[in-house]
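>>> sharing a sequence plus its predicted fold:
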Amino acid sequence: MNILLLGYGKMGKVIEQIVLSRGHQVIGKIDISNRHELATFSRDNVDAVIEFSAPEAAYENLKWCMSKGLPTVCGTTGWLHHRPEIEQLCIENKAAFFYASNYSIGVNLFFRLNKQLAKLIAPYSQYSVHTTEIHHIHKLDAPSGTAITLAEGLIQQLSNKTEWVNTEEGTENQIPILSLREGEVPGTHIIRYDSEVDSIEIKHTAHNRQGFALGAVVAAEWLAPREGVFGMDELLGE
Ligand SMILES: NC(=O)c1ccc[n+]([C@@H]2O[C@H](COP(=O)([O-])OP(=O)(O)OC[C@H]3O[C@@H](n4cnc5c(N)ncnc54)[C@H](OP(=O)(O)O)[C@@H]3O)[C@@H](O)[C@H]2O)c1
């Protein structure tokens with residue numbers, strides 16, 4: 001497959017290695033300095049786009065991809081207020097769009113574990129829930145997209161929770177998400193339940209960016225022949 005990379009930062013570079021190792025070509029690498037090269041790409045020479053850029057860049061990049069009808073896998077976080085518009089453009093242009101806040105298989109297992117644990121704990125009102133996400137100091141958005149997905153999973157299962165808030169403590173109906181920025185941490189997420197007598201905690205720690213990158217490339221291979229809007233549940237067969 002010919003794969004176009006939109007965003008060539010920390011993730012773009014790891015994705016490039018995985019694209020090549022799986023026998024595909026990287027037909028272009030676009031970052032902020034060479035966006036004019038986008039004009040040379042279309043369905044004629046691109047089989048799939050993988051977009052890992054910056055929150056403010058993703059919206060423009062995705063509008064361009066959808067207008068060209070290109071199968072596009074997006075991993076950029078922090079732009080999701082535009083998601084309904086991008087999904088509408090996808091349908092109008094008969095394109096294919098795939099978004100995941102986290103492409104790692106382990107994190108997607110963790111998403112399911114999070115919902116299962118919340119379901120078990122839901123009847124026990126003595127437990128209060130707190131979430132923490134830790135990332136490298138270069139990360140532009142907070143909370144992480146992964147933390148938002150985890151909080152949404154909690155809101156589905158805990159009937160007294162209606163929203164998340166990006167602070168250490170929340171009110172009765174809020175899921176607090178504490179965002180910490182430390183060194184070069186690739187991504188750590190913790191869900192903790194506290195009662196007077198004990199605590200229960202689940203934690204996912206990414207050791208590097210390979211898991212995210214592999215998942216994004218597998219998603220691009222899966223998406224290329226398809227049309228429509230998809231996510232990890234479809235890819236993982238749920
Ligand atoms: N979904 C997941 O599994 C997952 C996993 C990890 C990270 N992420 C997300 O992926 C995104 C990228 O992460 P990263 O660590 O690779 O960030 P990064 O190292 O800062 O790289 C971002 C890249 O995007 C480029 N860029 C900025 N504006 C652009 C524009 N207008 N058009 C095209 N490219 C542009 C930057 O170019 P310059 O260097 O020239 O500024 C840079 O090459 C973040 O939103 C992060 O949260 C998602």
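Cool, got the structure. Numbers count the residues shown, from 1 in each chain.

>>> run through the residues that contact the most centrally placed residue in the chain.
Nearest residue to the geometric centre of the chain (Cα atoms, centre = their mean): S101, 1.5 Å. Shown in contact with S101 (Cβ atoms under 8 Å, 6 or more residues apart in numbering): T77, S144, G145, T146, I148, T149. Bear in mind the C-beta positions are built from the backbone N, C-alpha and C, glycine included.

>>> how much space between the spatially closest residue to it that is not a sequence neighbour and the ligand?
Leaving aside its chain neighbours, S101 sits nearest to G145 (3.3 Å; criterion: Cβ to Cβ, 6 or more residues apart in numbering). Using Cβ to the nearest ligand atom, to the nearest Å, G145 is found at 6 Å from the ligand.

>>> what is the burial count for G145?
Residues near G145, counting by other Cβ atoms under 10 Å, number 20.

>>> next up, the contacts around it.
T77, G78, L80, S101, N102.

>>> helices or strands next to the helix or strand of the chain with the lowest mean pLDDT in the packing?
Here the helix or strand of the chain ranked lowest by mean pLDDT, DSSP states H and E is helix 232-235, holding a mean of 93. Counting contacts by 3 or more Cβ pairs under 8 Å, 6 or more residues apart in numbering; DSSP states H and E, helix 232-235 packs against helix 210-223.

>>> please work out the average pLDDT along the helix it packs on.
Averaging pLDDT along helix 210-223 yields 97.

>>> does any part of that helix sit near the ligand?
Yes. Contact of helix 210-223 with the ligand (Cβ under 6 Å from any ligand atom) involves F212.
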